[in-house]
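Visitor: here is the input, now give the coordinates:
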Amino acid sequence: MIQFLLNQTLVTEQSLDPETTVLNYLRQNQRRCGTKEGCASGDCGACTVTLGRVEAGKMVYETVNSCITFVSSLQGKQLIAVEDLRQGDELHEVQKALATCHASQCGFCTPGFAMSLFTLQKNSEGWRRQEAEQALAGNLCRCTGYRPIIDAARQLCERPQPDSFAQREAQTVAKLMAIHNGEEQELAFNGNRCLLPKSLDRLAELLLAHPEAKLLAGGTDLALQVTQSYKPLPLVIALDQIAALKACREEEQAIVLGAGASLQSCATLLRPHIPAFAQVLERFASLQIRNRGTLGGNIANGSPIGDTPPMLLALNATLTLQRGSQIRTLPLDEFFVDYRKTALRPGEFILSISVPKVTASQHFRAWKVSKRLEDDISAVFGAFMLERDADGRVTAARIAFGGMAATPKRAVHCESALVGKPLTQQSLALACRALEQDFTPLSDFRASAAYRLQVAKNLLRRYHASLTEELTLLEVTDYVQ
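Guide: Okay, here's the model as predicted:
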């Protein structure tokens, strides 16, 4: 059974298939067909809905891709779809803005844009174009109507109006808190089961008893097995109800990020400490994905093209792992064993990720090379961290790449070529040649092996130029500020 609010209506679902997506639930179970399916992979945004949750006694709203969000994620939340925007017999201000700014053409994508704009208005404190572009980056307009859509966003942010959601906030909070104070839940249908533990101890107990179970965090990767590959899932343990897994904190020597923390919340926390890390996360998929995808999930799936592992490798991050009552720490560079294989033992999960503060310096840089600026997978990802003494000699180097091997991997020969030497064109040339010893990349539909190796060398040269200020560098994001 799960409980949630559909707008203001308390919904209790006793027997839902855990593999049901929020999109299919809305369209098939609730007959709300305003939310559209375009890609079933979280790329186009036609399926965008808003989820509300209670944080510090107030409502917090986030957009998500309903096509790859399972219904278990609704437990204890408020689900708002495009049909819920109406204000009695009137349109919502968001709908009025889309109409008056002529921001709807064929109309297929409009419900998704409406929900992104609704959530933008709820979270903004005035008009900022970059903020609006980030909010809309996960919504594709097939009729190329972006200028009037931005006009609508500006109108909404400059002249926000109170709505029924604001007026009923106290009631909504009270209803959701009553759900949160309830017992642990479970979804089951035709033999498919999804367990929803509420504590770390219970999670550890369940995973020991069911080591074959799939852990469901944000589900932005796992859901594709259902929506794209049509593969049934085994027993699922959903992590969304475990607040301790999302906790992040700043300690004296390190920044500790909960494995269940969303990528968007990690970006917010890291921005003042490691701005380069947060800046790259702005290019990680879209806001809808970052609101659901988790840092621990991006690491645990073992993908060689994940965006966060190369950065965390360069920052000398360590993992805290838990199996039953046993807790151990493991350097991240010992975690990736082979393609999609990690050092996790049966029944073990990632508890948190720790980044030493000593590495969170102005010398850290990271670049993602992909065909699109946003919402795209890396062809090559490079992350760089050097330490130098007073004479300019390199005393420590941590350089890591994604997309260059079967796992995210440090360039140890390249690092050795730099350590002990001043940062000059000669040492740079040696380090570039050393990359050929570190990597033998593959060719695929994203890039050829030769291209990948050349890009890796060029990123190293770019890092050298950024530290020595030999060149005035422009970032690709500078063009869209």
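Visitor: tell me which residue of the chain is furthest from the middle?
Guide: In the chain, counting by CA atoms, centre = their mean, D391 sits farthest out from the average C-alpha position, at 40.1 Å.
Visitor: not counting sequence-adjacent ones, nearest residue to it?
Guide: The shortest distance from D391 to any non-neighbouring residue, by CB to CB, 6 or more residues apart in numbering, is to P422 (7.4 Å). Just so you know, the C-beta spots here come from the backbone N, C-alpha and C atoms, and that holds for glycine as well.
Visitor: list the residues that contact the one you found.
Guide: Taking CB atoms under 8 Å, 6 or more residues apart in numbering, we find P422 in contact with D391, G392, R393, V394.
Visitor: same thing but at 10 Å, please
Guide: Residues near P422 by CB atoms under 10 Å, 6 or more residues apart in numbering: R388, D389, D391, G392, R393, V394.
Visitor: among these, the buried ones, what's the ChimeraX command?
Guide: Applying 16 or more other CB atoms under 10 Å to the contacts of P422, the buried members can be selected in ChimeraX as follows:
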select :388,394
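Visitor: of the contacts of P422, closest to L224?
Guide: L224 lies nearest to V394 out of the contacts of P422, by CB to CB, at 41.3 Å.
Visitor: tell me the buried residues in the helix or strand hosting the closest one?
Guide: Here V394, judged by DSSP states H and E, is contained in strand 394-402. In terms of neighbour count (16+ other CB under 10 Å), strand 394-402 has its buried residues at V394, A397, R398, I399, A400, F401, G402.
Visitor: how about the fourth one, nearest residue that isn't a chain neighbour?
Guide: The shortest distance from I399 to any residue that is not its chain neighbour, by CB to CB, 6+ apart, is 4.5 Å, and that residue is A411.
Visitor: could I get the pLDDT score of the one you found?
Guide: A411 carries a pLDDT value of 98.
Visitor: now for it, how many residues are close by?
Guide: For A411, the neighbour count with other CB atoms under 10 Å is 28.
Visitor: measure it to A417 for me?
Guide: As judged by CB to CB, to the nearest Å, A411 and A417 stand 9 Å apart.
Visitor: any common contacting residues for these two?
Guide: Joint contacts of A411 and A417 (CB under 10 Å, 6+ apart) are A397, I399, A431, A434, L435, Q437, D438.
Visitor: that older thread, of the contacts of P422, closest to V380?
Guide: V394 (22.6 Å).
Visitor: all strands for the stretch 151-300 of the chain, in order.
Guide: Per DSSP state E, counting those that start in this stretch, the stretch 151-300 of the chain carries strands over the ranges 185-189, 192-196, 214-216, 236-238, 248-250, 254-258.
Visitor: walk me through which strands the last one pairs with, and which way each runs.
Guide: Take DSSP bridges as the rule and strand 254-258 pairs in its sheet with strand 248-250 (antiparallel), strand 348-356 (antiparallel).
Visitor: please identify the most buried of the ones you listed.
Guide: Among the strands paired with strand 254-258, strand 348-356 has the highest mean neighbour count (mean count of other CB atoms under 10 Å), at a mean of 22.
Visitor: C-terminal to that one, what's the next element?
Guide: By DSSP H and E, the next helix or strand past strand 348-356 is strand 365-369.
Visitor: and A132, what element?
Guide: Judged by DSSP H and E, A132 forms part of helix 129-136.
Visitor: who does the helix or strand harbouring G382 touch, helix- and strand-wise?
Guide: Element membership of G382, judged by DSSP H and E, is strand 380-388. Under the contact criterion of 3 or more CB pairs under 10 Å, 6 or more residues apart in numbering; DSSP states H and E, strand 380-388 touches helix 275-281, helix 308-314, strand 365-369, strand 394-402, helix 412-418, helix 449-468.
Visitor: taking the contacts of P422, tell me the two that lie furthest apart.
Guide: Maximum pairwise distance in these, criterion CB to CB, is 10.4 Å, between D391 and V394.
Visitor: next, give phi and psi for the residue nearest to D391.
Guide: phi -70, psi 160 (degrees, to the nearest 10).
Visitor: and the gap between it and Y463?
Guide: Counting by CB to CB, the gap from P422 to Y463 is 15 Å.
Visitor: likewise for S124?
Guide: The gap separating S124 from Y463 is 35 Å, by CB to CB.
Visitor: please say which of the two ends up with more neighbours.
Guide: Applying other CB under 10 Å to S124 and Y463 shows that Y463 carries more neighbours, namely 24 against 17.
Visitor: now do the contacts for that one.
Guide: The contact partners of Y463, by CB under 10 Å, 6+ apart, come to 363-367, 382-386, 399, 423, 428, 431.
Visitor: are any of those residues buried, and which?
Guide: Taking 16+ other CB under 10 Å as the criterion, what is buried in the contacts of Y463 is 364-367, 382-386, 399, 423, 428, 431.
Visitor: pipe these into JSON lines and attach distance to D338 per row.
Guide: As requested, these are exported to JSON lines (distance: CB to CB, whole Å):
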{"residue": "F364", "distance to D338": "27"}
{"residue": "R365", "distance to D338": "28"}
{"residue": "A366", "distance to D338": "24"}
{"residue": "W367", "distance to D338": "26"}
{"residue": "G382", "distance to D338": "22"}
{"residue": "A383", "distance to D338": "21"}
{"residue": "F384", "distance to D338": "25"}
{"residue": "M385", "distance to D338": "25"}
{"residue": "L386", "distance to D338": "29"}
{"residue": "I399", "distance to D338": "21"}
{"residue": "L423", "distance to D338": "34"}
{"residue": "L428", "distance to D338": "31"}
{"residue": "A431", "distance to D338": "26"}
